Structure formats: C-alpha cells, structure tokens
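> return atomic coordinates for the entry below.
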Amino acid sequence: MRASSVVSRIGRREAVTRVGGRALRSVTGAAGCGARRRRRTRRATAADPYVGRGAGFTVNINGNTATAEGFDAQRQWARDYWSALAPFHTSVYVNFLMEEGDARVRQAYGEAKYERLRALKRRYDPGNVFRLNQNIRPD
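Predicted structure coming up:
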C-alpha cells in the first residue's frame with residue numbers, strides 16, 4: 001500500500017504530531033517527507049507540467065510487510081497516515097501514484113493540463129496503446 005500527497009502550510013509542531021507520530025506507529029512502514037527546493041516551489045504557471053509547485057513538502061507513505069499476514073495492518077496504517085494529512089493536501093505527484101483511479105491522475109495535472117494531455121493522447125495514441133503508466137485515456 002502506498003499513498004502520496006503534496007502538502008503545504010504545515011507547521012513544525014503539526015509536522016511532528018502528524019508526520020512523525022504516525023511514522024512511529026509502524027514497524028515496517030516507511031514515510032518520506034521531503035522539503036521541496038525553492039526552485040521547484042516558484043510561482044506556478046500554466047506551462048508547468050504538474051500542479052503543486054507552491055507546496056512546501058512532498059509526502060510519500062509506504063506500507064511494507066514481509067508476508068501477506070501483515071498486509072491489512074500496513075494498508076490501514078498508510079490510509080490513516082494519509083488521512084491525518086488530508087487538511088494539508090494541495091495536489092499529488094503523478095510518479096508516486098499507484099492504481100488510484102482517474103480522479104487522482106487528474107489531480108496530479110490539474111483540469112486544464114489534463115484536458116490538454118488528453119487531446120494529445122487522442123491525436124497520437126487514439127488506441128490507448130501506451131496505457132501501463134498513470135494513464136490518461138483518449139476518450
């Protein structure tokens with residue numbers, strides 16, 4: 001189980017409580033919380049390939065288990081962790097997504113960019129041959 005989000009406006013105290021506190025509750029799970037470099041957090045423009053450049057942090061949560069026996073607990077841990085950060089979500093980084101559905105892919109690009117990419121997909125890949133990534137369907 002993996003969850004990812006781009007968050008902003010989270011203070012140090014909240015980061016320790018929400019991020020650090022949740023991470024310590026799992027023996028095998030992992031969470032990365034990376035501060036984004038200033039160059040990437042510049043003001044967003046319509047030409048940017050993805051949304052969320054103004055956010056200060058990228059959070060990537062991974063529930064890991066050595067056997068199938070621990071999967072349910074790790075999945076719940078990752079979901080709870082992700083939900084605790086929900087008030088701070090601004091977007092999602094497309095390369096961190098798993099099979100989370102079209103709505104999350106749309107969120108990664110923003111509506112205008114998603115529609116522009118969809119138009120390109122209709123033109124260059126109308127048969128949806130290249131679909132094994134975070135797919136943007138041509139139809």
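
> strands of the protein, residue ranges please.
Counting by DSSP state E, one finds strands in the chain at the ranges 2-7, 30-35, 57-62, 89-91.

> okay, buried residues for the last one please.
Read it as strand 89-91. Of all the residues in strand 89-91, those buried under the rule 16 or more other CB atoms under 10 Å are 89-91. C-beta here means a position set from N, CA and C on the backbone, and glycine is covered the same way.

> may I see those residues organised as a markdown table, with pLDDT and distance to Ala68 added?
Listed next are the buried residues of strand 89-91 as a markdown table, based on pLDDT from 0 to 100; distance: CB to CB, whole Å:
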| residue | pLDDT | distance to Ala68 |
| --- | --- | --- |
| His89 | 79 | 30 |
| Thr90 | 78 | 34 |
| Ser91 | 80 | 32 |
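
> reformat these as JSON lines; add distance to Arg118.
JSON lines is the format used below for the buried residues of strand 89-91 (distance: CB to CB, whole Å):
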{"residue": "His89", "distance to Arg118": "23"}
{"residue": "Thr90", "distance to Arg118": "22"}
{"residue": "Ser91", "distance to Arg118": "18"}
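
> domain map for this protein?
The chain breaks down by automatic domain parsing into domains covering 2-98, 101-139.

> so which bits of the last one are buried?
Of the residues in domain 101-139, those with enough neighbours to count as buried (16+ other CB under 10 Å) are 104-110, 113-114, 117-118, 121, 134, 136, 138.

> now the end-to-end length of it.
This stretch, domain 101-139, spans 15 Å end to end (CA to CA, to the nearest Å).

> least confident of the domains of the chain, on average?
Note on the domains of the chain: domain 2-98 shows the lowest mean pLDDT, a mean of 68.
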